[in-house]
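Undergrad: please work out how this folds:
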Amino acid sequence: MSLAEFLLLAVLSIFWPLLIAMVVVALRAPRPLPVLAALLAAGLLTTTAIGWVIVFSLQDAAFLQGSRPPANPAVNITAGALALLAGIVLRGRSRLPVPAQPEPEQKPKESRWQPDRMIESVRLAFVAGVVLNIVPGVFPLVALKNIAQASYGNPTKALLVFVFYVIMFASVEIPILGHLVAPEATARMVGRFNDWLDRSWRSLCVWALLGGGVYLVVRGLLQL
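TA: Numbers count the residues shown, from 1 in each chain. Model prediction:
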């Protein structure tokens, strides 16, 4: 398994559309830190557990063994094609005209934080982090296949799965670290960052999906 490809797949996974969309929603919360923490905890628990199951179930499979494993081109081409399809669909949706929304009535701002509402937001974030990460994305699936067929011991493979998903959730972890280290500066930056992310996340995801898809398809064709 190439370390460069491992890192490339992990970085591309940061821009998986569902994950970025969840981050955008979490950053809009009145207090984003507990929502982001719930999302990160649920996401890491779910993806790591499922990743371990996949890796240790596949590592002795016959189609992953030998000098030219038949699974390599099939998985790479299929995952690349799915990434290209997702990128094309997302690009097409981003070009659709957005219907004008009527101006909402101005309501007086609530002067105090409501704990019940925040608890519900944290619960929803945790559930979303579990449900939306049950099925691995196309890039994590390729990475898990690579880890399964690598000649490492089981502890190293387990660690690689965890490291992969820690990198993948960087868009959640960075705001959390910022809130813990410099809460006031981070609070000011989060608003501007979320506005930019809200405008640009589709373009970022499209380029990641198309670029990663081309890479995987070409790599799979070369492995035939």
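Undergrad: which one's the longest helix in this structure?
TA: helix 183-223 (DSSP state H).
Undergrad: where does this protein have low pLDDT?
TA: Scanning the chain for pLDDT under 70 picks out the ranges 1, 67, 93-120, 183, 186-188, 190-191, 193-194.
Undergrad: quick one: the helices in it?
TA: 3-14, 17-27, 32-58, 71-94, 115-131, 138-148, 154-168, 170-181, 183-223.
Undergrad: can you redo those helices as JSON lines with distance to Gln65 and mean neighbour count?
TA: All C-beta atoms are positioned from the backbone trio N, CA, C, and that covers glycine. Converted to JSON lines, those look like this (distance: least, C-beta to C-beta, whole Å; neighbours: other C-beta atoms under 10 Å):
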{"stretch": "helix 3-14", "distance to Gln65": "19", "mean neighbour count": "18"}
{"stretch": "helix 17-27", "distance to Gln65": "32", "mean neighbour count": "20"}
{"stretch": "helix 32-58", "distance to Gln65": "11", "mean neighbour count": "19"}
{"stretch": "helix 71-94", "distance to Gln65": "9", "mean neighbour count": "18"}
{"stretch": "helix 115-131", "distance to Gln65": "33", "mean neighbour count": "15"}
{"stretch": "helix 138-148", "distance to Gln65": "11", "mean neighbour count": "25"}
{"stretch": "helix 154-168", "distance to Gln65": "15", "mean neighbour count": "18"}
{"stretch": "helix 170-181", "distance to Gln65": "33", "mean neighbour count": "16"}
{"stretch": "helix 183-223", "distance to Gln65": "15", "mean neighbour count": "16"}
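Undergrad: got CSV for the ones you listed, with distance to Leu64 too?
TA: Putting these into CSV (distance: least, C-beta to C-beta, whole Å) gives the following:
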stretch, distance to Leu64
helix 3-14, 16
helix 17-27, 27
helix 32-58, 6
helix 71-94, 5
helix 115-131, 28
helix 138-148, 6
helix 154-168, 13
helix 170-181, 28
helix 183-223, 13
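Undergrad: can you tell me how far Ile88 is from Leu216?
TA: Look at Ile88 and Leu216: by C-beta to C-beta, to the nearest Å, they are 15 Å apart.
Undergrad: actually, Pro175.
TA: Pro175 is 29 Å from Leu216, by C-beta to C-beta.
Undergrad: and for Leu45?
TA: 27 Å.
Undergrad: ok, now Pro155?
TA: Between Pro155 and Leu216 the computed distance is 28 Å (C-beta to C-beta).
Undergrad: same deal with Val135?
TA: 18 Å.
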